[in-house]
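Participant: I would like to see how this sequence folds:
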Amino acid sequence: MEMKWISIAVAALAAVILGYVWHNFIFKDTDENASKNKLSPPVFMLVSYILNLLIAYGLHRQVVGLHQFIRSLRASAGENVSNPFLHGVFHGAMDSLVYGAISVLIITALLDGKGLKAILSRVLYWLITISLMGGIVGMLG
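Facilitator: Okay, here's the model as predicted:
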């Protein structure tokens with residue numbers, strides 16, 4: 001399997017941009033921890049980008065790596081390969097739900113005493129972010 005690092009880098013950058021827009025414009029009132037953050041904004045965005053690279057790498061391994069064999073079987077059978085963006089979005093959504101990312105967010109928020117709006121904001125953000133990252137990796141990878 002050939003690693004397409006550009007797809008991983010673009011997916012991680014899209015997650016950072018979506019995070020910036022989400023927390024600064026869409027759900028600004030639910031972000032109580034923004035004032036408590038001890039990192040400067042550039043350092044926070046760099047750390048966020050590096051961690052999103054890890055998520056995008058894992059998505060690349062699953063979306064592209066595990067399904068490369070299935071795609072070759074479909075091509076040899078004469079079937080058209082499905083939309084790679086939607087395929088990646090599907091795996092991103094399933095990964096965030098099945099592998100427990102959403103469950104961990106909900107449990108952590110409940111233990112911290114967060115309200116329903118804050119919990120739903122974080123869950124929806126990560127579901128959209130990981131789905132978008134999977135779609136980008138699927139399309140470019």
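Participant: Excluding chain neighbours, give the residue nearest to His60 in space.
Facilitator: Val137 (4.8 Å; CB to CB, 6 or more residues apart in numbering). For glycine as for every other residue, the C-beta is placed from the backbone atoms N, C-alpha and C.
Participant: what's the burial count for that neighbour?
Facilitator: Using other CB atoms under 10 Å, Val137 has 31 neighbouring residues.
Participant: and it, what is it in contact with?
Facilitator: Contact analysis of Val137 by CB atoms under 8 Å, 6 or more residues apart in numbering lists Ser7, Ile8, Ala11, Ala56, Leu59, His60, Val63, Val64, Gly88.
Participant: Give the closest residue to the second one in space, chain neighbours not counted.
Facilitator: Which is Ile8. Closest to Ile8 by CB to CB, 6+ apart is Ala56, at 4.4 Å.
Participant: what's the one you found in contact with, if anything?
Facilitator: Ser7, Ile8, Ala9, Ala11, Ala12, Ala15, Met133, Ile136, Val137.
Participant: need those in CSV with distance to Tyr99 and secondary structure, can you?
Facilitator: Formatted as CSV, the contacts of Ala56 follow (distance: CB to CB, whole Å; DSSP: H, G, I helix; E, B strand; the rest coil):
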residue, distance to Tyr99, secondary structure
Ser7, 20, helix
Ile8, 18, helix
Ala9, 22, helix
Ala11, 17, helix
Ala12, 18, helix
Ala15, 16, helix
Met133, 14, helix
Ile136, 19, helix
Val137, 16, helix
